[in-house]
Every structure is written in C-alpha cells, then in structure tokens.
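Trainee: Have a look; sequence and predicted model below, questions after that.
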Amino acid sequence: MKLNDLIPNEGSRKSRKRVGRGISAGKGKTAGKGTKGQNSRSGVGGNLYRQGGNLPFFRRLPFMRGEGFTPPNRVEYNEINLSQLAKFEANTEITPELLVEHNMLHKNANPVVVLGRGEISVPLTVKVQRVSKSAQEKIEAAGGKVELIA
C-alpha cells in the first residue's frame, strides 16, 4: 500500500451543499436563510460594539486601553546569563557600567538581573540589582561572590 492508494471510507466524507444555484438544486433563491431580516444578509454579526441594547463590551471594561492591562509601574530588567559572563577574566568585578562598556545590555537605564543558564569556572565579583538562586549558587561554587546593589 502506498500513500496515494489511501482513500477515506465509504460515506465518511460528505460533499458540501452548494447554495444559491437555482430552485431545482433545493437550496436556491434564499439559499436556506429564510426571507429578509438581519440574519439573511451577508456579514451578519461580528460587530462587538452592537449588542442589541446592552452596554457594549468595550464600554463595560475599565479605561486601560491598548496596553493589554500590563501594570504601569512594573520593572523591566536586562537579563544576563552566566554563559555571557564566562568570557570575563578571573577576579573581574562585574557591574552594570562594565556590561554597558561591553554592549551587553538591551536598555542601559534598566536594572540588571543575572540568570543561571550556562556554566562559569572563574571566580567573579558580581554587583548587580538581582541574581537568581541558581546563578548565585554557581558563582559562589566557582569561588566568586555576589553583592546586590540598590
């Protein structure tokens, strides 16, 4: 048996009814939609603002449009992984300023968080705003230390 020999079982597929093709076809003239009225027209429904007298959905929501309800004062961090810090020499002091010099930050004004992806073998002193637990364990296991700055 080959893929081109496969066919669906008899009666499992039913061809669609072609509407609006004359009265002898059984679904001519009004094409099964009855006569007149909103539901017989094309493009029926789909307008969320018209709800038949109800207060429209968008007017029921609070006035936070466009940003998708993200908290207005959330903190965005520059994420740095240990695999990126592995290129520095031993006993280097890693600060946000040093990372800016090496073009490793996305937005220089944002605080820095060190994440634990990758391995590190040289001792480093890391002075950043946040460090994940796994990253801190790996840095201290390599002989380095972590200091959090405000």
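Mentor: Arrived safely, thanks for sending. Residues are numbered from 1 along each chain as shown.
Trainee: packing partners for the helix or strand where Val114 lies?
Mentor: Secondary structure from DSSP states H and E places Val114 in strand 112-115. Under the contact criterion of 3 or more C-beta pairs under 8 Å, 6 or more residues apart in numbering; DSSP states H and E, strand 112-115 touches strand 78-81, helix 82-85, strand 125-128, strand 130-131, helix 133-141. Every C-beta, even on glycine, is put in place using the N, C-alpha and C of the backbone.
Trainee: Mind exporting the C-alpha coordinates of the longest one to PDB?
Mentor: This means helix 133-141. In PDB, the C-alpha atoms belonging to helix 133-141 read as follows (Å, rounded to 0.1, in the frame of the first residue of the first chain):
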ATOM      1  CA  LYS A 133      19.300  31.500  43.200                       C
ATOM      2  CA  SER A 134      20.800  29.100  40.600                       C
ATOM      3  CA  ALA A 135      23.100  31.800  39.300                       C
ATOM      4  CA  GLN A 136      24.200  32.700  42.800                       C
ATOM      5  CA  GLU A 137      25.000  29.100  43.700                       C
ATOM      6  CA  LYS A 138      27.100  28.600  40.500                       C
ATOM      7  CA  ILE A 139      29.000  31.900  41.100                       C
ATOM      8  CA  GLU A 140      29.800  31.000  44.700                       C
ATOM      9  CA  ALA A 141      30.700  27.400  43.700                       C
END
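Trainee: Can you give the contact residues for the least confident helix or strand in the chain by mean pLDDT?
Mentor: Scoring the helices and strands of the chain by mean pLDDT, DSSP states H and E places helix 57-60 at the bottom, with a mean of 82. With contact meaning C-beta atoms under 8 Å, 6 or more residues apart in numbering, helix 57-60 is reached by Leu48, Tyr49, Gln51.
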